[in-house]
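K.L.:
fold the following and give me the result.
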Amino acid sequence: MVERNRVAQLEPHDRKTILFTRVLTKLKEQCAYFSLLTVKRALSNASIELADDTLREYMSEAMKAGIVSNAGRGWYSRHISPVCLDPKPVAKIIRAVKKAFPLLDFCCWSTVQFNPFAQHLIAQPTILLYADSDTLSTVAVVLKESGWDAWANPGKADVERFIRPGEKTVILRPAKSDQPEGKDHVAPIEKALADLAVEANKLQLMDAAEVQRILDAVFGAGLLQLTILFGYAEDLKKKIESRELTH
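P.N.:
Just a heads-up that it's a prediction; the model follows:
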């Protein structure tokens, strides 16, 4: 009770100092990412009360000071530098599609881009390409004529009977209206992560344990925009939040 009374008598500046030097420091040691709600809980455990507006103001100051990074609305991270995927593994397919369809709006990623985060290297990559659903069949035909093993939105039976991973294996999927925007037709890592979690099982790319190891490694490697990721993959949001992003 004495400690609680002492904390209650702290000046606002002192409460901010405790937030910056104790609460956030401890959270960064425990979690790669944490939410505003987690910060509120940590303050409550330290018997410190802050109005919501005041806490948001202090967190903005913490970001400006480099104490934490902005990981999207209501999310923060100890990471400073963004984590990205190497665009080289998809450079060839991007050139091929741009040459054949200069006006096509598409983006793509390859499983081999996740090799830096995988326990077992992916020797035989699979490329995932996303475009308007009405264009998939035409694009697949043209790519096949150019030597690519292209498949327009294949089902489970196609995967089990015909599709084999390889440098020229391309799976074409319908683009979603809410998918994160990439640059130069390269899917951003937030989109690729969410898609990998879905396609790993559908395309028999890898088991669930390996997908989880990749997710853990990516979250431990650098800064992601969680608002973008979660906006695109609600199921992944629930899965990630349940793990507390401690890696």
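
K.L.:
care to break the chain down by domain?
P.N.:
Domain ranges of the chain: 2-77, 88-242, per automatic domain parsing.

K.L.:
can you say which of the ones you listed is packed in most?
P.N.:
Highest mean neighbour count of these: domain 88-242, a mean of 17 (counted as mean count of other CB atoms under 10 Å). (Glycine included, C-beta is placed from N, CA and C.)

K.L.:
remind me what the helix or strand hosting residue 173 packs against, helices and strands.
P.N.:
Taking DSSP states H and E as the criterion, residue 173 maps to strand 169-174. Judged by 3 or more CB pairs under 8 Å, 6 or more residues apart in numbering; DSSP states H and E, the packing partners of strand 169-174 are strand 127-131, helix 136-145, strand 149-152.

K.L.:
in a markdown table: those, plus distance to residue 23 and mean pLDDT.
P.N.:
Below are these laid out as a markdown table (distance: least, CB to CB, whole Å; pLDDT from 0 to 100):
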| stretch | distance to residue 23 | mean pLDDT |
| --- | --- | --- |
| strand 127-131 | 41 | 97 |
| helix 136-145 | 50 | 98 |
| strand 149-152 | 51 | 96 |
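
K.L.:
of all those, which one comes closest to residue 231?
P.N.:
Residue 231 lies closest to strand 127-131 among those, at 16.3 Å (CB to CB).

K.L.:
contacting residues for residue 173?
P.N.:
Taking CB atoms under 8 Å, 6 or more residues apart in numbering, we find residue 173 in contact with 128, 129, 130, 136, 153, 195.

K.L.:
what bridges to it?
P.N.:
residue 130 (DSSP bridges).

K.L.:
where do the helices sit along the chain?
P.N.:
2-8, 12-18, 24-30, 36-45, 52-64, 91-100, 136-145, 156-161, 189-202, 208-221, 226-232, 234-242 (DSSP state H).

K.L.:
lowest-confidence stretch among the ones you listed?
P.N.:
Among those, helix 2-8 carries the lowest mean pLDDT, a mean of 47.

K.L.:
just the pLDDT at residue 120, thanks.
P.N.:
pLDDT, read off for residue 120, is 80.

K.L.:
turn the helices and strands packed on strand 169-174 into CSV, including distance to residue 86.
P.N.:
CSV is the format used below for the helices and strands packed on strand 169-174 (distance: least, CB to CB, whole Å):
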stretch, distance to residue 86
strand 127-131, 14
helix 136-145, 22
strand 149-152, 22
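
K.L.:
closest to residue 179 out of these?
P.N.:
Between the helices and strands packed on strand 169-174, strand 127-131 lies closest to residue 179; by CB to CB that is 6.8 Å.

K.L.:
any idea of the angle the closest one forms with helix 136-145?
P.N.:
Counting by axes from the mean of the first three to the mean of the last three CA atoms, to 10 degrees, strand 127-131 lies at 140 degrees to helix 136-145.

K.L.:
counting contacts, what elements does strand 127-131 pack onto?
P.N.:
Packed next to strand 127-131, using 3+ CB pairs under 8 Å, 6+ apart, are helix 91-100, strand 106-110, strand 169-174, helix 189-202.

K.L.:
neighbouring contacts of the shortest one?
P.N.:
Residues external to strand 106-110 that are found in contact with it (CB under 8 Å, 6+ apart): 85, 89-90, 93-94, 97, 125-131, 139, 170, 175, 179, 181-182, 185-187, 191-192, 195.

K.L.:
kindly provide the distance from residue 227 to residue 144.
P.N.:
Residue 227 sits 38 Å away from residue 144, going by CB to CB, to the nearest Å.
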